[in-house]
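J.: sharing a model prediction with you, sequence too.
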Amino acid sequence: MPDSIGQKIKQIRRIKGITQKEIGDLLGCSEAQISHIENGNRTINMDDLSKLSKFLGVSYDSFSIKSADFVNFRHDASSTNNVMSQDMLNDFKKFAKSKIHGDEE
């Protein structure tokens, strides 16, 4: 069973019969970059993960993101920026609160 976001992307992509090139075209990157994401050598930002979930026709939760996966980096030509969408920040706050208070949500 895949346990990283990249492995889950690869599994879902293969099940759906979608190529790395098709995903690269969607996200504006190369097949090699998608391969690096799938193999855990590169991260994917939350905006791209959201686009990808819609493209693959799966819910965002299909990637079962753990707290350690919340910090992702976007590699732009001009700079490297720490990117976290507002939805992901809210999800992380909810997750952290449940762990601190022992709530099972």
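T.: Cool, got the structure.

J.: assign a three-state SS to Val58, would you?
T.: Here Val58 is coil, with the state taken from DSSP: H, G, I helix; E, B strand; the rest coil.

J.: hang on, it packs against Arg13?
T.: No: the pair Val58 / Arg13 is not scored as a contact, 10.3 Å apart, by CB atoms under 8 Å. C-betas here are computed from N, CA, C, even on glycine.

J.: who's more crowded, these two?
T.: Arg13 (19 against 16; other CB atoms under 10 Å).

J.: buried residues in the helix or strand the more buried one falls within, which are they?
T.: Assigned by DSSP states H and E, Arg13 falls within helix 5-16. Residues 5-10, 12-13 are the ones in helix 5-16 that count as buried (16 or more other CB atoms under 10 Å).

J.: and which of those is nearest Thr19?
T.: Thr19 has its nearest neighbour among these in Arg13, at 7.8 Å by CB to CB.

J.: can you tell me how far the closest one sits from Gln7?
T.: According to CB to CB, to the nearest Å, Arg13 stands 11 Å off from Gln7.
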